[in-house]
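Asker: Here is a sequence together with a model predicted from it:
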2 protein chains.
Amino acid sequence: MLPWRTIIVPDKDCDTPIYLQIANAIIQEMKKGRIGPGIKLPGTRQMSEILEVHRKTLVRSYEELDAQGWIEMHPSKGTFTSKELPEINPRRFSVRTEKRNSFPSETGYKVRINNNIRKPALTYRNITGFHDAPDVRLMPVQELGRAYKSILSRPVNFKYMSYVDIAGVQKFREVLSEYLNSSRGLQTSFENIMITRGSQMGLYLLTCVLFSKEENVIIGDTNYYYADRCFENAGMHLVRVKVDEYGIDVDAIEKICRKKKIKAIYITSHHHYPTTVTLIASRRIKLLELSEKFGFIIIEDDYDYDFHYCSSPILPLISADQKGMIIYIGTLSKTIAPAIRTGYVVAPPNLILELARIRQIIDTQGDPIMELALAEMFSEGEIRRHMKKALQEYHQRRDFLCELLTQKLPGIIEFKTPDGGLAIWAKFDKSVPLPPLTEKLRSQGLILSNGLIHNISSVSINTTRMGFAWMNRKETERAIAILTKTIKTNRTT
Amino acid sequence: MLPWRTIIVPDKDCDTPIYLQIANAIIQEMKKGRIGPGIKLPGTRQMSEILEVHRKTLVRSYEELDAQGWIEMHPSKGTFTSKELPEINPRRFSVRTEKRNSFPSETGYKVRINNNIRKPALTYRNITGFHDAPDVRLMPVQELGRAYKSILSRPVNFKYMSYVDIAGVQKFREVLSEYLNSSRGLQTSFENIMITRGSQMGLYLLTCVLFSKEENVIIGDTNYYYADRCFENAGMHLVRVKVDEYGIDVDAIEKICRKKKIKAIYITSHHHYPTTVTLIASRRIKLLELSEKFGFIIIEDDYDYDFHYCSSPILPLISADQKGMIIYIGTLSKTIAPAIRTGYVVAPPNLILELARIRQIIDTQGDPIMELALAEMFSEGEIRRHMKKALQEYHQRRDFLCELLTQKLPGIIEFKTPDGGLAIWAKFDKSVPLPPLTEKLRSQGLILSNGLIHNISSVSINTTRMGFAWMNRKETERAIAILTKTIKTNRTT
């Protein structure tokens, strides 16, 4: 008899159920070869006595081992470990393989390093910081968990588990269309909507379908980093136009259009990224006119429309587009959480078709399970409820951060209270250069972006986005205390 | 008093809970303007008597309405509809918007139609057919639903709800690495693994990072349609090499390499797509030697390694790669279901880094919620159990379909029983051209691919993939009866 009590030591404090712990322990021993093939195991009754656990638990353990193919149960003869381990025992095709002990540490061919796009950064999103992101702790996780479970428990949904409509599950496009119509004054139907993985994929698909090398795209100065890289990747020329307190300079756009052919303009009209300013009505009207006159496409990226704190939001440009010149993109990854990688492109069906066509070679299709879960949450009002709660909370957090900055760091940080979004655009005094400051903060466990990503020339604008939504009141207080102390110590030394 | 009993008619047979039905009915009336702002509603007690539902239900309804911002509850004064509807009431910025009644039916600019890639097809995956896909009814949906719910219920997972490692959640990459090592004889660590959305995205990312216009890639004749389109989209030249019963012709590859620079070769070595043949050992060894000699990259797409029915599977080429010349891609979308859009690229870390870098502009990051759920299912043995069950089932289904075809349609369909995968490669006699046949079958509710996608020239090979995994025994019997009858009726007329 094997020393079962030594081999199998269930831990009641562990997350894994006891029956699985027992099964896994036996599997481990079989893998190590300490329990060989064809060995008779004690019956469940005997084993339950040895291990001092309930017999029912043992029955489940054995069922598990049987289901996974590690043991064979013969009603009359008893339970035996399998003769062949359920590990697939594949054939080697070459003796060469025997010689290798580790995976090659480097490619045998040259990999081009794409220095145009910055290296993915470690994000430290789980610690305190002025992260430019929603507070994931407000996320309706229980409701989402329930929605996933409910979706997966209904056999009627099997049809969505295979290949689905590439533009997204129709049910979800319908509720999203309804939501966009009621909140943004649109007149869409589901056919105008393509579900994407966040607004980034919307933008990427557009560059695949609409643009060619050497074409000109107008963007803000400064602009969203990953949008710039996306256009660059398509081989386009970036034509920068100044953004002032009223949004992008539309007169400057007109002048450029008189001189050269502009294929498209990319705007974040509701809250310009990164400066947070809202494009005023007169410029909106003129921009639409210019688009029709010069034939350029307007890509309106409305990544944070749902978060607007002052009076009421302004309807997106697309609500006034009569000629089909505007493509609208948005996302739930800000509204709910970045892990909800669900965005959308709103456009006439002839464009949606082409986006779906190219998507076949990029990632085949979307994620019908997540789409169904979100559709359910929209229908049951969970998303709306979440948005209302988050809006109130972020409104207070914005006011609190702005108040603290004014009180504690007068003259150091220049900013305007943003009308919406999740961050303020904070210009630091030149006596406090951001890169060394943010390094010092990081060593104290506080994350603030050094803002280098917003520089578009070698001249530093020493400005960064300070997220106010990520932290609660207490965390913000602590963060500002660290920030204040670090800045003051630094300036005097 | 409003006619509440007429306005609110809860339906007990409906999926939506009664309390939500009541709340939704009130919202609808408010939206229509039939219940104005600031109107006093009956108390929950009174309303519960009017509607003849439990008072607790009404309390939940009112709580829901309050949470969504439709009503305001004043402890002393009573419950009133909100003065401002929680619909955001955004500002229009132009009178132009008033004129528009519908969304533009077409873009105002020209959209290039990409005829190189076929139009996304309606898939009809919910009806009977020889679909080249796993049977989603075998999918462990309950277990997956539980895993999702469990992941989302643990506060420790909040850190994954924000921006995460672009190569995938480390925990998932670890279990996947372990699984690949034990099942495929690899020696990977998590750093060798990038999680992608199915193998298609793996391939797409590779074309973004490694290849340039005008470079040559060797592919099979015929080959997987969406791989061909992916290379074409990167501007590469497709160099086709014959595939015979032993796999791709490696001598032919050598001859080509002597004449021109080959950047890469794309192979589906375990079961060539679409012909299902396995690349034999001698050719594998030679292919590896050629790769080292001529410096071409081998992309090994092992989309269905987990389904092998004859003796044991052959280890993938990458298990014998000592020089880092092979990139291995795989997917769970065949192993579990197409809705599980989770694949992987296995390569040295310097390539993984570049794949992650480019992914930032494509879709920012993966889906941490699904990755965590799958990691849990791997750890608990659910995936292995599913695979074992599916493998047995598909083995029987393969044998059954092959038997029926031999019995019922001798001389009409030429095929070899495939060693693995989910489909047989079925060459139809030229007296039965596939396009009209499949049209006739479709009108009878039976889907069979017309195989046109596999033709690489204007000469039809009249061969298609007949999936055997999608249908159970009874469905296959019925499908073959329809197929047999349709073919026979057709040939005699």
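Answerer: Happy to help now that I have it. Numbers count the residues shown, from 1 in each chain, chains lettered A, B, ... in the order given.
Asker: does chain B sit close to stretch A:175-189?
Answerer: Yes - applying CB under 8 Å from any CB of the partner chain, one finds stretch A:175-189 in contact with chain B at A:Ser182, A:Ser183, A:Arg184, A:Gly185, A:Leu186, A:Gln187, A:Thr188, A:Ser189. No exception for glycine: its C-beta is placed from N, CA and C like everyone else's.
Asker: Output these as JSON lines; include the columns secondary structure and pLDDT.
Answerer: Formatted as JSON lines, the residues of stretch A:175-189 next to chain B follow (DSSP: H, G, I helix; E, B strand; the rest coil; pLDDT from 0 to 100):
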{"residue": "A:Ser182", "secondary structure": "helix", "pLDDT": "89"}
{"residue": "A:Ser183", "secondary structure": "helix", "pLDDT": "90"}
{"residue": "A:Arg184", "secondary structure": "helix", "pLDDT": "91"}
{"residue": "A:Gly185", "secondary structure": "coil", "pLDDT": "88"}
{"residue": "A:Leu186", "secondary structure": "coil", "pLDDT": "92"}
{"residue": "A:Gln187", "secondary structure": "coil", "pLDDT": "92"}
{"residue": "A:Thr188", "secondary structure": "coil", "pLDDT": "95"}
{"residue": "A:Ser189", "secondary structure": "coil", "pLDDT": "96"}
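Asker: Would you list the buried entries among those residues?
Answerer: Among the residues of stretch A:175-189 next to chain B, the ones that count as buried by 16 or more other CB atoms under 10 Å in any protein chain shown are A:Ser183, A:Arg184, A:Gly185, A:Leu186, A:Thr188.
Asker: For A:Arg473, list the residues it contacts.
Answerer: By CB atoms under 8 Å, 6 or more residues apart in numbering or on different chains, the contact list for A:Arg473 reads A:Gln396, A:Arg397, A:Phe400.
Asker: Narrow the residues you listed to those that are buried.
Answerer: A:Arg397, A:Phe400.
Asker: Among the contacts of A:Arg473, name the ones in helices.
Answerer: Those of these mapping onto helices are A:Gln396, A:Arg397, A:Phe400, per DSSP state H.
Asker: want to try TSV for these, with pLDDT as columns?
Answerer: Shown next, in TSV, are the ones in helices among the contacts of A:Arg473 (pLDDT from 0 to 100):
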residue	pLDDT
A:Gln396	96
A:Arg397	97
A:Phe400	97
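Asker: ok, so of those, who is nearest A:Gly129?
Answerer: Nearest to A:Gly129 out of the ones in helices among the contacts of A:Arg473 is A:Arg397 (CB to CB; 13.7 Å).
Asker: ok, that closest one to chain B distance?
Answerer: 16 Å (CB to the nearest CB, to the nearest Å).
Asker: Please report the distance of A:Asn181 from A:Asn350.
Answerer: According to CB to CB, to the nearest Å, A:Asn181 and A:Asn350 sit 20 Å apart.
Asker: for A:Gly185, same thing?
Answerer: 23 Å.
Asker: Also A:Asn157?
Answerer: From A:Asn157 across to A:Asn350, the span is 30 Å (CB to CB).
Asker: Of the two, give the one with the bigger neighbour count.
Answerer: Using other CB atoms under 10 Å in any protein chain shown, the more surrounded residue of A:Asn157 and A:Asn350 is A:Asn157, with 18 against 14.
Asker: nearest spatial neighbour of the more buried one, skipping sequence neighbours?
Answerer: Nearest non-adjacent residue to A:Asn157, counting by CB to CB, 6 or more residues apart in numbering or on different chains: A:Ile151, 5.6 Å away.
Asker: before we move on, what about A:Ile265?
Answerer: The shortest distance from A:Ile265 to any residue other than its chain neighbours is 4.1 Å, reached at A:Ile218 (CB to CB, 6+ apart).
Asker: The strand or helix carrying the one you found: partners in the sheet, and parallel or antiparallel?
Answerer: Using DSSP states H and E, A:Ile218 maps to strand A:216-221. Strand A:216-221 has the following strand partners under DSSP bridges: strand A:237-244 (parallel), strand A:264-267 (parallel).
Asker: what ranges do the strands span in the stretch 301-450 of chain A?
Answerer: Remark: strands assigned in the stretch 301-450 of chain A by DSSP state E, counting those that start in this stretch are A:326-331, A:343-346, A:413-414, A:423-428.
Asker: just checking, what packs against the third one?
Answerer: When contacts are defined as 3 or more CB pairs under 8 Å, 6 or more residues apart in numbering or on different chains; DSSP states H and E, strand A:413-414 packs onto strand A:423-428.
Asker: mind running it again at 10 Å?
Answerer: Under the contact criterion of 3 or more CB pairs under 10 Å, 6 or more residues apart in numbering or on different chains; DSSP states H and E, strand A:413-414 touches helix A:382-408, strand A:423-428, strand A:463-467.
Asker: Three-state assignment for A:Asn24, please.
Answerer: Under DSSP: H, G, I helix; E, B strand; the rest coil, the three-state class of A:Asn24 is helix.
Asker: Please name the residues that touch it.
Answerer: Going by CB atoms under 10 Å, 6 or more residues apart in numbering or on different chains, A:Asn24 touches A:Ile8, A:Thr16, A:Ser61, A:Glu64, A:Leu65, B:Ser379, B:Glu380, B:Gly381.
Asker: Same question for A:His74.
Answerer: By CB under 10 Å, 6+ apart, the residues touching A:His74 are A:Lys40, A:Phe80.
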